[in-house]
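Undergrad: Everything below, folded, please.
(chains A and B)
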Amino acid sequence: MQKSLHIDPGKCTGCLQCEMACSYEHTGAINPSKSRIKVFDFEHEGRKVPYTCTQCADAWCMNACPVDAIVIDLITGAKVVKESTCVGCKVCTIACPFGTINYMADVGKVQKCDLCDGDPKCVTACPTAAITYVDADWTGLDRMRSWAAKANTAAVAA
Amino acid sequence: MGWNKKVLRVNLTAGTCTPEPLNMEWANDYLGSRGLASKYLVSEIDPKVDPLAPENKMIMSTGPLTGTMASTGGRYTVVTKGALTNAIACSNSGGFFGAELKYAGWDMIIFEGKSPKPVYLALENDKAELRDAAHLWGKSCWETEETIKRLHQDPLTRVCSIGGAGENGVLYAGIINDLHRAAGRSGVGTVMGSKNLKAVAIRGTKGVSGIRDFPAFLAATTAAKKVLADNAVTGQGLPTYGTQVLMNVINEMGALPTRNHRDVQFEDAGKISAEAMHEKRPTDGKAHLVTNAACFGCTIACGRISKMDETHFSVKNSPKYWGASGGLEYEAAWALGAANGVGDLEALQYVNMLCNEHGMDPISFGTTVGAAMELFELGILSKEQIGLEAPFGSAEALCKLAEMTAAGEGFGKDLALGSARMCAKYGRPDLSMSVKSQEFPAYDGRSIQGIGLGYATSNRGACHLRGYTVASEVLGIPVKTDPLATEGKPELLKAFQDATGVFDSAGICVFTSFAWTLADVQPQIQAACEGDWSMEKLNLVGERIWNMERQFNLAAGLTGKDDDLPPRLKTEPCKTGPGKGVVSGVEQMMPIYYQVRGWTPEGVPETATLERLGL
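TA: Down below sits the predicted model:
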């Protein structure tokens, strides 16, 4: 079963534990500026929204890459940047409609979410389950369940 | 190592920014943040210095856990000699600024001297420079933050700044970061203003890489987060209701100081409580509270984000206050509300926003208004002197007085002095509910005896956060003690004060102590930092910090006589509630406290105590 990150902004408190965990996993330092997931704070609305790559099936970044540096992880389905191949041309950052693949000036490569080989550290770190890792075919399951719970079963039984 | 081992020294007189190594010997003795910055301060300034003179210094400091995944590890501390108190000041703030300072590669910034003209510090990793702030002077904290981010073309920059209060010498001006987080108390913002320093803007992209044992650190922080999540207060009460969860609890205990401590129960407490913030308003059908919010790294998320009723008299013509903003927290709701007898939730949030916008401590401001209202009711201050009718309970007066104080206009200039100086000016110093010129927070020292002793002995003037015995006396954490009893309170208070010194110095939030004891913090520090950080050592560090602060205050000219409560708490019993008929037993507790501390009957640390602590 393939899985997807599922983000529920309503549960996010903006603590940035996800950014710390992501950056530590990929760089060995606690450094939110290197995180591949970012939490945006719309302070005048009181909303916090974590945002990262959705792992498009037909990925713009992958299609745009002139050196085939972005490959599919066959187990997780993640689109993964092969750093040894990436030439830092940034074409993928232009191609991605969502802005979730970004250039790192200090290493001259791009970076994006790679789902941590199937064990996303942002998910483990999130204290409120705003970020979960769920069946890719059923990302709507929780929402379906909550609507199902509202169904008037008594009326149906009658 | 949890430290970056690097200090930035900013000489505002000369306009220079100089890096220097962190004194690791001191770090080993004082841990970080509050303790370590205080060690620097007491070593570098004359205790008798005028807090607003260039010779005073101001230190912004992180702790070894700041910027790490330790829960609540986003705190920073401002240490200086306080403008309000003439004592050592240490104001601690959450938000995101502290972690950014750490990520830029520094442990602390020492500001010294006074800039000839308004400046702000721009810090991007190693690059530090003082920039002209003429265009920022006069702007609010909110405008300053927005302007700097635009100017730097960097929305990820973190900013702390002073507003009109700090510029105009309001003696309880705070430093605001991330729009509504504050190093609020003791006038640290006033000191910043006296140095012509408007703001500090930081962008840090280096991160924290020097954790001593990362796997052990992850295990320790994960285990400690579980303790917070499983605890009823930190796992449920605080995220759902915020610190405001206390309003009804404390009122029922008869410990909610009301109308300048004349009463201990407020008939409108329910209207300004956490529960009220959740209720839908009749005017627009919306609840006051929008959501809870976390500071950096915090897995509790007690912060409140609210939206005001747009039709309320205070904001109906000011759309800028209609968006979501920070508040109300318990202390502000109490100080602006019960302390003045004001039961209008919307008015309290408006004034709370003004405090954030202009950089004022809502506790000292609110309670100073309470004292002014009492002076008004006694006929000592007239309508003409104040500029308006100011009886207890007037939301209109509260709002107007906040605007006047922030703008430095009219009677606002008297309110800017704080209650001790204002009450003395009008011949009734006894009506100031303060210790060492700093106003009481939201617990009555009569019906909660331990916290009364805590106010009297707090090194930064009256404060609940130096030794929160309320945890034990009200909530039963870690053990339940009788709030009305005086026996055992000196010992209890000392334990809280010493442990708090460690929490504050580690770079974490003291609210974790609703669930954590020092034994939960110790493995996190030990995994992050080089050296021995055993429980024995941490207890010693906490006690050392307390005594060092005490030594500074004594050298500054304070004495045991300043460890006292206002006559009202000692002679006017609680009128209602479980503590009816009770006054503070501070005078009976004090000699025992001094003894427990290893101090002389005059409140001076004994030589043996100092030697034991390596002072």
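Undergrad: Go ahead and flag the most central residue of chain A.
TA: For chain A, the residue nearest the mean C-alpha position is residue A:52 (3.6 Å; CA atoms, centre = their mean).
Undergrad: Thought residue A:113 was touching that one, still the case?
TA: Yes - between residue A:52 and residue A:113 a contact is recorded at 4.7 Å, counting by CB atoms under 8 Å. Glycine gets a C-beta too; all of them are placed from N, C-alpha and C.
Undergrad: Can you name the residues that contact residue A:79?
TA: A:53, A:55-56, A:59, A:61-62, A:70-73, A:112, A:114 (CB atoms under 8 Å, 6 or more residues apart in numbering or on different chains).
Undergrad: burial count for residue B:526?
TA: Per other CB atoms under 10 Å in any protein chain shown, the neighbour tally for residue B:526 reads 21.
Undergrad: still on that earlier bit, overlap in contacts of residue A:52 and residue A:113?
TA: A:5, A:36-37, A:100.
Undergrad: Quick one, grab the pLDDT at the residue nearest to residue A:122 when sequence neighbours are not counted.
TA: Nearest-residue entry for residue A:122: residue A:18, 3.8 Å, with adjacent residues in sequence omitted and distances by CB to CB, 6 or more residues apart in numbering or on different chains. On pLDDT, residue A:18 comes in at 98.
Undergrad: And for the closest residue to chain A within the stretch 501-615 of chain B, the neighbour number?
TA: Per CB to the nearest CB, residue B:528 is where the stretch 501-615 of chain B lies closest to chain A, at 10.6 Å. Residue B:528: 29 surrounding residues under other CB under 10 Å.
Undergrad: The residue nearest to it when sequence neighbours are not counted: neighbour count?
TA: Among residues not flanking residue B:528 along the chain, residue B:2 sits closest, at 3.8 Å (CB to CB, 6+ apart). Close neighbours of residue B:2, defined as other CB under 10 Å, add up to 31.
Undergrad: Over to residue B:232?
TA: Neighbour number of residue B:232 under other CB under 10 Å is 11.
Undergrad: about what we covered before: next step: the contacts of residue A:79 restricted to helices.
TA: A:61-62 (DSSP state H).
Undergrad: rewinding a little: quick one: pLDDT of the residue nearest to residue B:528?
TA: Residue B:2 is given a pLDDT of 87.
Undergrad: hang on, the residue of the stretch 501-615 of chain B closest to chain A packs against residue B:214?
TA: No - using CB under 8 Å, residue B:528 makes no contact with residue B:214, being 9.2 Å away.
Undergrad: In stretch A:110-120, which residues are buried?
TA: Applying a neighbour-count criterion of 16 or more other CB atoms under 10 Å in any protein chain shown, one finds A:110-116, A:120 buried in stretch A:110-120.
Undergrad: Reformat these as a markdown table; add pLDDT.
TA: What follows is the buried residues of stretch A:110-120, written out as a markdown table (pLDDT from 0 to 100):
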| residue | pLDDT |
| --- | --- |
| A:110 | 98 |
| A:111 | 98 |
| A:112 | 98 |
| A:113 | 98 |
| A:114 | 98 |
| A:115 | 98 |
| A:116 | 98 |
| A:120 | 98 |
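Undergrad: rewinding a little: a helix runs through the residue nearest to residue B:528, doesn't it?
TA: No - under the criterion used here (DSSP: H, G, I helix; E, B strand; the rest coil), residue B:2 is coil, not part of a helix.
Undergrad: what touches both of residue B:528 and residue B:214?
TA: In contact with both residue B:528 and residue B:214: no residue, using CB under 8 Å, 6+ apart.
Undergrad: Secondary structure class of whichever residue of the stretch 1-150 of chain B sits closest to chain A, three-state.
TA: Across the stretch 1-150 of chain B, the shortest distance to chain A (CB to the nearest CB) belongs to residue B:69, at 4.8 Å. Secondary structure assignment for residue B:69 (three-state DSSP): coil.
Undergrad: Next one: it from residue A:32, what distance?
TA: Distance check for residue B:69 against residue A:32: by CB to CB, to the nearest Å, it reads 11 Å.
Undergrad: of the two, who's got more company?
TA: residue A:32 (28 against 25).
Undergrad: so which helix or strand takes in the closest residue to that one other than its chain neighbours?
TA: Closest residue in space to residue A:32, ignoring its immediate chain neighbours: residue A:19 at 3.8 Å, by CB to CB, 6+ apart. If you go by DSSP states H and E, residue A:19 is part of helix A:17-27.
Undergrad: same for that helix, what does it pack against?
TA: Packed against helix A:17-27 by the contact rule (3 or more CB pairs under 8 Å, 6 or more residues apart in numbering or on different chains; DSSP states H and E) you find strand A:38-42, helix A:121-125.
Undergrad: out of these, deepest packed?
TA: The highest mean neighbour count among the helices and strands packed on helix A:17-27, using mean count of other CB atoms under 10 Å in any protein chain shown, belongs to helix A:121-125: a mean of 22.
Undergrad: who touches that one?
TA: A:5, A:17-22, A:24-25, A:37, A:50, A:52, A:131-133, B:69.
Undergrad: How about stretch B:11-30?
TA: Contacts of stretch B:11-30 (CB under 8 Å, 6+ apart): B:3-10, B:36, B:38-40, B:54, B:107-108, B:111-116, B:119, B:121, B:126, B:128-130, B:195-197, B:505, B:531, B:541, B:544-545, B:548, B:614.
Undergrad: Quick one: buried ones out of those?
TA: If we count by 16+ other CB under 10 Å, these have these buried: B:3-4, B:7-10, B:36, B:38-40, B:54, B:107-108, B:111-115, B:119, B:121, B:128, B:130, B:195-197, B:505, B:541, B:544-545, B:548.
Undergrad: Now, the residues you listed that are in helices?
TA: B:36, B:38-40, B:505, B:541, B:544-545, B:548.
Undergrad: would you turn those residues into JSON lines with distance to residue B:291?
TA: Shown next, in JSON lines, are those (distance: CB to CB, whole Å):
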{"residue": "B:36", "distance to residue B:291": "35"}
{"residue": "B:38", "distance to residue B:291": "36"}
{"residue": "B:39", "distance to residue B:291": "39"}
{"residue": "B:40", "distance to residue B:291": "38"}
{"residue": "B:505", "distance to residue B:291": "31"}
{"residue": "B:541", "distance to residue B:291": "37"}
{"residue": "B:544", "distance to residue B:291": "41"}
{"residue": "B:545", "distance to residue B:291": "36"}
{"residue": "B:548", "distance to residue B:291": "40"}
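Undergrad: Can I get these in JSON lines including pLDDT and distance to chain A?
TA: Below are these laid out as JSON lines (pLDDT from 0 to 100; distance: CB to the nearest CB, whole Å):
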{"residue": "B:36", "pLDDT": "98", "distance to chain A": "20"}
{"residue": "B:38", "pLDDT": "98", "distance to chain A": "26"}
{"residue": "B:39", "pLDDT": "98", "distance to chain A": "26"}
{"residue": "B:40", "pLDDT": "98", "distance to chain A": "25"}
{"residue": "B:505", "pLDDT": "98", "distance to chain A": "20"}
{"residue": "B:541", "pLDDT": "98", "distance to chain A": "24"}
{"residue": "B:544", "pLDDT": "98", "distance to chain A": "29"}
{"residue": "B:545", "pLDDT": "98", "distance to chain A": "26"}
{"residue": "B:548", "pLDDT": "98", "distance to chain A": "30"}
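Undergrad: which one of the residues you listed is nearest residue B:427?
TA: residue B:38 (36.2 Å; CB to CB).
Undergrad: Helix, strand, or coil at residue B:160?
TA: Under three-state DSSP, residue B:160 comes out as strand.
Undergrad: what's near enough to touch it?
TA: Contacts of residue B:160 by CB under 8 Å, 6+ apart are B:60, B:93, B:97, B:175-177, B:183, B:199-200.
Undergrad: do you know how far the residue in chain A that chain B sits nearest to is from residue B:72?
TA: Going by CB to the nearest CB, chain B is nearest to residue A:31 of chain A, at 2.5 Å. Residue A:31 sits 19 Å away from residue B:72, taking CB to CB as the criterion.
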